[in-house]
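**Q** requesting a structural model of the entry that follows:
(one chain, ligands or ions: 1)
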Amino acid sequence: MNESQLLRYSRHLLLNEFEYDFQEKLNQATALVIGCGGLANACLPILAGAGVGHLVLCDDDLIELSNLPRQLGFSEADIGQAKVFSLEKYLTARNTTIQITAFKQQADADFLVKQIQHCDVIIDCTDNAKTRQLINQTAVHSKTPLVSASVIQFSGQVMVFDPRLDHSPCYACIYPNVISEDTSCTQNGVFSPLVHLIGAAQAAETIKVLTGLGDSSVGKVTQFEGLNFETYPLQLTKNPACPVCGNQR
Ligand SMILES: [Zn+2]
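**A** Numbering: from 1, shown residues only. The predicted model follows:
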């Protein structure tokens with residue numbers, strides 16, 4: 001790292017638990033991020049700031065007025081623009097030393113399989129049940145860690161899966177079926193601060209996965225209730241009959 005990088009990342013490097021090579025691991029890492037809505041707007045400025053070297057963004061949506069209360073990377077002038085390109089611009093302004101690649105499209109199976117070859121972690125920031133299952137299948141088959149999060153109304157959760165580890169469950173072990181779209185924020189509403197709490201937790205778990213910092217959260221779900229500020233950690237177990245990662249697939 002050069003002098004400027006040492007200064008930029010000094011507040012992490014000052015932490016006893018944060019080793020010098022952790023920063024180099026972050027600088028060399030590539031993260032595939034699916035979805036550029038609320039979670040991504042909370043998670044990615046932290047990861048860009050922390051120096052994750054290459055962020056690959058994918059989203060097909062345009063910015064709407066109702067996004068602005070949560071999606072702080074966007075301004076009124078951005079309404080009607082593609083989320084993925086506005087977020088790319090916002091993140092680049094935060095850290096010009098990292099690389100950002102933006103794809104304005106839906107994350108279908110072909111896209112995921114192609115992109116995952118170059119990525120060290122997948123960050124699931126979608127609110128689409130079908131895409132979540134596709135992301136999980138890609139993570140399992142490519143043995144790529146997956147940091148998944150969701151927020152609805154006053155409830156949020158973060159889950160970490162690592163298919164490189166035999167004991168790690170996958171998303172389909174917990175949610176084996178594609179559930180209907182009626183759980184999205186569009187129909188049910190969402191508490192804005194909770195999106196940022198969960199997105200920040202997703203960033204923390206991504207940094208931990210990429211560096212090995214702290215205790216592993218693999219196979220753990222942390223449920224957070226925004227009305228009473230309670231958290232409920234739960235250890236998940238691998239389902240031997242899972243259609244994606246199970247023995248009988
Ligand atoms: Zn599974």
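**Q** center of the chain, which residue is that?
**A** Closest residue to the average C-alpha location of the chain: residue 123 at 2.8 Å, with Cα atoms, centre = their mean.
**Q** could you look up the SS state of residue 118?
**A** The assignment at residue 118 comes out as coil when based on DSSP: H, G, I helix; E, B strand; the rest coil.
**Q** is stretch 230-243 positioned near the ion?
**A** Yes. Stretch 230-243 reaches the ion (Cβ under 5 Å from the ion) through residue 242. The C-beta positions use only the backbone N, C-alpha and C, and glycine is treated the same way.
**Q** which parts of that stretch are buried?
**A** When burial is assessed from 16 or more other Cβ atoms under 10 Å, stretch 230-243 yields the following buried residues: 236, 238, 239, 242.
**Q** ok, and what's touching it?
**A** When contacts are taken as Cβ atoms under 8 Å, 6 or more residues apart in numbering, the neighbours of stretch 230-243 outside the stretch itself are 159, 167-170, 172-174, 176, 219-225, 245-249.
**Q** tell me how far residue 144 lies from residue 31.
**A** From residue 144 over to residue 31 the distance is 10 Å, taken as Cβ to Cβ, to the nearest Å.
**Q** got it, and residue 19?
**A** Spatial separation of residue 19 from residue 31 under the definition Cβ to Cβ is 20 Å.
**Q** and for residue 125?
**A** Separation of residue 125 from residue 31 (Cβ to Cβ) stands at 11 Å.
**Q** what of residue 195?
**A** The gap separating residue 195 from residue 31 is 19 Å, by Cβ to Cβ.
**Q** output the lowest mean pLDDT helix or strand found in this structure.
**A** For the chain, scoring each helix and strand by mean pLDDT, DSSP states H and E identifies helix 185-188 as the least confident one, at a mean of 77.
**Q** need the distance between the two termini of stretch 157-166.
**A** Using Cα to Cα, to the nearest Å, the end-to-end distance of stretch 157-166 comes out at 23 Å.
**Q** what residues does the chain put near the ion?
**A** With Cβ under 5 Å from the ion as the criterion, the chain meets the ion at residues 170, 172, 173, 242, 244, 245.
**Q** just the residues you listed: which are in strands?
**A** Among these, the subset assigned to strands under DSSP state E is empty.
**Q** quick one: which of the residues you listed sit in helices?
**A** Assigned to helices by DSSP state H, the following of these qualify: 172, 173.
**Q** now the residues of the chain next to the ion as a markdown table including pLDDT?
**A** Written out in a markdown table, the entries for those read as follows (pLDDT from 0 to 100):
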| residue | pLDDT |
| --- | --- |
| 170 | 96 |
| 172 | 95 |
| 173 | 94 |
| 242 | 95 |
| 244 | 96 |
| 245 | 95 |
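**Q** cheers, nothing more for now.
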